[in-house]
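> Sequence and predicted structure are below.
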Amino acid sequence: MSDYVNSLVPSTTFIFSKGLIMLIYIGSVAALTVFLKIKTGLKTAYSRKIFHFFIFTAAAVIQFIYGLKGTLLFGTLVTLLVLFAVWRGEKNGLYRALARESDRPHASRFVLIPLFATAVGGMLSNIFFPAFAFVGYLVGGWGDAIGEPVGAHWGKHRYHVPTLFGVKATRSLEGSAAVFLVSTFICYACYSLLSFSSPMALKYALICALVATLTEAFSSHGTDNL
């Protein structure tokens with residue numbers, strides 16, 4: 001057990017060599033997100049998911065190349081940045097890009113809850129499905145990320161979802177359809193990369209996309225990443 005735990009701890013050399021590159025990437029994504037939110041007036045539904053998309057995609061690539069130890073380092077750096085943004089509150093541009101106006105007065109909680117849910121979900125993925133954890137990251141990063149902006153722009157058929165702290169939350173059939181389509185695409189691409197036959201890759205992609213869509217549709221507001 002101790003050997004397994006030690007294998008997950010990045011070495012000092014790994015932290016300094018790869019951590020610097022990760023910091024530059026995370027900082028660049030944060031700067032882009034803040035620029036789009038503050039300078040162009042982009043709605044939070046979009047700026048939040050842009051950050052989400054780039055971070056989840058990078059986590060999947062890092063997981064595929066370096067394994068869980070790389071993802072843990074990357075996730076730790078992202079977590080520290082987000083915690084700093086929440087601590088600064090409205091004074092921080094990244095916080096304003098991530099905290100939904102509709103979640104007030106509990107906007108900070110709905111930045112922290114998805115952060116925690118993502119961390120737990122990532123660990124469980126690696127415990128139960130280590131070879132396929134990166135697929136889950138991409139479903140969360142691509143499929144889930146598309147649902148909110150599509151719903152915000154084209155969502156006409158809305159439905160209520162469970163929520164916390166009395167904050168009202170809705171999703172849309174249009175957004176859920178987008179989650180399904182994009183999840184199917186990214187899962188199919190991943191299974192093809194893993195040398196599954198096309199019929200088998202499509203079968204598993206449709207199953208994963210359906211589960212992801214139902215999870216996103218019926219989970220409590222802020223917890224769907226888990």
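Yep, it's here. Numbering: from 1, shown residues only.

> residue contacts, Leu8?
Applying Cβ atoms under 8 Å, 6 or more residues apart in numbering, we find Leu8 in contact with Leu68, Lys69, Leu72. C-betas here are computed from N, CA, C, even on glycine.

> hmm, try it at 6 Å
Applying Cβ atoms under 6 Å, 6 or more residues apart in numbering to Leu8 gives the contacts Leu68, Lys69.

> any idea how far Asn126 is from it?
9 Å (Cβ to Cβ, to the nearest Å).

> can you give me the strands in this structure?
For the chain, strands defined by DSSP state E occupy the ranges 158-160, 170-172.

> Which residues belonging to stretch 203-220 are considered buried?
For stretch 203-220, a neighbour-count test (16 or more other Cβ atoms under 10 Å) marks Tyr204, Ala205, Cys208, Ala209, Ala212, Thr213, Thr215, Glu216, Ala217, Ser219 as buried.

> circling back: so what's in contact with Leu8 and Asn126 at the same time?
In terms of Cβ under 6 Å, 6+ apart, Leu8 and Asn126 are both contacted by the residues Leu68.

> Surely Val161 and Ala169 touch.
Yes: in this structure, Val161 is within contact of Ala169 by Cβ atoms under 6 Å, at 5.2 Å.

> who touches both of these two?
Contact with both Val161 and Ala169 is made by residues His221, according to Cβ under 6 Å, 6+ apart.

> Report the contact partners of Gly222.
Residues counted as contacts of Gly222 (Cβ under 6 Å, 6+ apart) are Phe110, Ile113, Pro114.

> could I get those as TSV with neighbour count, distance to Leu42 and pLDDT?
Converted to TSV, the contacts of Gly222 look like this (neighbours: other Cβ atoms under 10 Å; distance: Cβ to Cβ, whole Å; pLDDT from 0 to 100):
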residue	neighbour count	distance to Leu42	pLDDT
Phe110	22	19	86
Ile113	20	23	90
Pro114	23	19	89
